[in-house]
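# coords please:
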Amino acid sequence: MMPVLQVGDRQMTAIEVLPLLEKYQMLPALIKEIVLDQAIAPISCTPEEEKIAGEKLAQHYQITSDELFQRWLKQNNLSLEQWNAIAIRQFKIEKFKHLTWGNDLESYFSQRKHQLNRVVYSLIRTNDIGIAQEIYFRLQAGEQTFAELAKEYSQGTEAQTNGLIGPVELQTIHPALAKMLSTSQPQQLLPPTQLENWIVIVRLEKMLLTQLDNSLRQRLLNERFNTWLQAQITEQNCQIRQLDSATSQG
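Here you go, the predicted model:
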């Protein structure tokens with residue numbers, strides 16, 4: 001079999017290259033780029049879009065003058081043609097995202113908005129149920145503030161912030177805690193609750209409802225794209241392993 005790659009004095013055949021790609025964990029990256037090339041193959045760009053593509057890439061790398069542009073090309077050992085190819089490819093990938101999922105973002109947002117809502121809440125956690133109940137009764141009676149009791153008794157990092165946490169997205173916190181907060185009213189004090197190894201006392205301070213603005217649209221678009229891309233990489237990787245296994249046995 002003819003060699004397909006030479007590094008120094010070493011020549012490698014196609015059969016030798018695949019295990020090396022796997023060994024150095026480069027196969028997923030290669031599959032990713034091939035999948036993307038196949039996905040954007042039918043997409044075309046107008047001359048105006050190609051110009052915009054170059055401007056966007058220059059903006060990404062903070063290239064603000066022709067002098068900086070020429071220096072950047074030299075530092076990265078790229079020709080103008082290679083630069084244009086990179087810019088157009090990135091533009092086509094973004095265009096592919098919008099063509100594939102752009103019209104479905106409102107529906108996807110309606111599925112995800114509950115998880116994307118942000119909360120500000122107060123938390124005290126301890127592993128002693130007796131202490132937790134005593135704290136709860138003091139809070140109910142108004143004997144001490146939440147901040148005072150959190151600073152004195154809470155056993156987590158929230159003790160350093162007087163028990164106050166947030167704003168944070170509901171999807172980033174423990175599912176059981178997120179459910180408690182999402183069904184609470186602001187300033188509602190929840191009784192001591194077992195949460196894994198802790199007894200927690202929680203009070204919702206504020207619920208911040210998420211709006212579908214341009215920034216969130218791009219984030220959700222990237223989320224859909226990345227989920228699709230990871231599934232494609234996994235599927236293709238499995239097929240390559242099966243083919244490699246069959247070749248080895250043959």
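# Give me the mean pLDDT for stretch 14-29.
The average pLDDT within stretch 14-29 is 84.
# tell me the SS of the spatially closest residue to Trp198 that is not a sequence neighbour?
Spatial nearest neighbour of Trp198, chain neighbours left out: Arg125 (4.3 Å); criterion: C-beta to C-beta, 6 or more residues apart in numbering. C-beta: built from backbone N, CA, C; applies to glycine. Classification of Arg125 using DSSP: H, G, I helix; E, B strand; the rest coil returns strand.
# What about Thr24? Give its phi and psi, please.
Just to correct that, residue 24 is Tyr rather than Thr. phi -90, psi 10 (degrees, to the nearest 10).
# mind checking how far it is from Leu30?
11 Å (C-beta to C-beta, to the nearest Å).
# now Pro186
For Pro186 relative to Leu30 (C-beta to C-beta), the value is 51 Å.
# Of the two, which one has the most company?
Higher neighbour count among Pro186 and Leu30: Leu30, with 15 against 12, using other C-beta atoms under 10 Å.
# tell me which element the more buried one falls in.
helix 27-40 (DSSP states H and E).
# In that helix, which residues are buried?
27, 31, 35-36, 39-40 (16 or more other C-beta atoms under 10 Å).
# what residues does it touch?
By C-beta atoms under 8 Å, 6 or more residues apart in numbering, the surrounding residues in contact with helix 27-40 are 18, 21, 89, 92-93, 95-96, 229, 232-233, 236-237, 240.
# try it again with 10 Å
18-22, 88-97, 99-100, 225, 228-237, 239-241 (C-beta atoms under 10 Å, 6 or more residues apart in numbering).
# As JSON lines, the buried residues of helix 27-40 with distance to Thr172 would be great.
JSON lines is the format used below for those (distance: C-beta to C-beta, whole Å):
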{"residue": "Leu27", "distance to Thr172": "31"}
{"residue": "Ile31", "distance to Thr172": "30"}
{"residue": "Val35", "distance to Thr172": "29"}
{"residue": "Leu36", "distance to Thr172": "29"}
{"residue": "Ala39", "distance to Thr172": "30"}
{"residue": "Ile40", "distance to Thr172": "32"}
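# what residues are up against Pro175?
By C-beta under 10 Å, 6+ apart, the neighbours of Pro175 are Gln115.
# Just to check, the residue nearest to Trp198 is in contact with Tyr153?
Yes: if you go by C-beta atoms under 10 Å, Arg125 and Tyr153 touch, sitting 9.0 Å apart.
# before we move on, what SS does the closest residue to Thr193 other than its chain neighbours have?
Once flanking residues are discounted, Thr193 sits nearest to Val200: 5.6 Å by C-beta to C-beta, 6+ apart. Counting by three-state DSSP, the backbone at Val200 sits in strand.
# okay, now Val200: neighbour count?
22.
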